[in-house]
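Chemist: fold the following for me, if possible:
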Amino acid sequence: MLRVPVFVLAIALLLTQQAFAQSRVISSLGRIEPDGGVVSLAGPSGLGSVIMELRVAEGDFVKKGDVIAMLDEYPVRKADLTRLQAELENAQKNLQREQKLARSMASSVSKIESLELSVKAAKAAVTAAEAMLDLSLVRAPKDAQILYVHSYPGERVGVEGIVEIGNTERMYAVAEVYETDIIHVKPGQRASITSPALSAPVSGTVEKIGLKVGRMDVLGMDPVAEADARVIEVDILLDDVESVKALTNLQVEVEITP
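Modeler: A predicted model of the protein is given here:
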């Protein structure tokens, strides 16, 4: 009987295991998200404010700094700013008049110094009022698309915010990979994303692997699936943006290949 050396068997087993690992396809559930996720924009003044004017609609694209909504505090704060600007102008005129009188020794140094302090205080008040006025305007924090509107003119801003925005120019599939499988996932690997809502599979590239183990958020239809399974999120940049940009939060099936 032919005897095979033990070290030959060990090498063969190792090569077989490596070949299996290299050909292994990692399957998981996931969701579609825009670049940076979905941002709920509440506004700088916090909860309780009333929307006076909404300048966007669902589907609109906005640039960073664009005004999305005007809150009900805006008219009062605008009036305060106008009043303080008038006071600053008056203080500056008084200072200029006293400075002219000083040339003819008709004004004291102490009076001019007092007026100079008044001008500085008035400038500070105007600056503060300008900042408060800006807090009455809700601006886009980045270039994005309006995904959903929660609050309309006349309504109070709730915990869900005013609008949800996202950068749909770049779309991702966020795969929830089991912690036991994550060792086989590397940046640069290709992936295939499928769903009944998609006319064809969408391909993508693994871009980022999460640093935290958490519970599964996306649950499939399998009644025996582990609801408390430990997973790591893997961000997959999708090649075809147009087919998924209107499907944020869509549940998908993901297959990551070596």
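Chemist: quick one: the helices in the stretch 51-200 of the chain?
Modeler: Here the stretch 51-200 of the chain has its helices, by DSSP state H, counting those that start in this stretch, at 74-103, 109-134.
Chemist: closest to residue 215 out of the ones you listed?
Modeler: helix 109-134 (39.9 Å; C-beta to C-beta). (Each C-beta comes from the backbone N, C-alpha and C, glycine too.)
Chemist: how far away is residue 110 from residue 66?
Modeler: 49 Å (C-beta to C-beta, to the nearest Å).
Chemist: looking at the two, which is more packed in?
Modeler: Shown here are residue 110 and residue 66; by other C-beta atoms under 10 Å, residue 66 has more neighbours (15 against 8).
Chemist: skipping adjacent residues, who's closest to the more buried one in space?
Modeler: Leaving aside its chain neighbours, residue 66 sits nearest to residue 140 (4.8 Å; criterion: C-beta to C-beta, 6 or more residues apart in numbering).
Chemist: between the helices of the stretch 51-200 of the chain, which one is nearest to residue 166?
Modeler: Per C-beta to C-beta, nearest to residue 166 of these: helix 109-134, 24.1 Å.
Chemist: in the stretch 1-150 of the chain, where is pLDDT below threshold?
Modeler: Per-residue confidence for the stretch 1-150 of the chain (pLDDT under 70) gives these ranges: 1-23, 45-47, 105-107.
Chemist: please repeat the previous calculation with a cut-off of 50.
Modeler: The stretch 1-150 of the chain contains residues with pLDDT under 50 at 1-2, 19-21.
Chemist: which of the three states applies to the residue most central in space within the chain?
Modeler: In the chain, the residue lying closest to the centroid (C-alpha atoms, centre = their mean) is residue 39, at 4.3 Å. Here residue 39 is strand, with the state taken from DSSP: H, G, I helix; E, B strand; the rest coil.
Chemist: just checking, it touches residue 144?
Modeler: Yes. Using C-beta atoms under 8 Å as the test, residue 39 is close enough to residue 144 to be in contact (7.3 Å).
Chemist: between those two, what contacts are shared?
Modeler: Here residue 39 and residue 144 share the contacting residues 165-166, scored by C-beta atoms under 8 Å, 6 or more residues apart in numbering.
Chemist: returning to what we had before: okay if I get the helices of the stretch 51-200 of the chain as a markdown table plus distance to residue 158?
Modeler: A markdown table is the format used below for those (distance: least, C-beta to C-beta, whole Å):
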| stretch | distance to residue 158 |
| --- | --- |
| helix 74-103 | 19 |
| helix 109-134 | 22 |
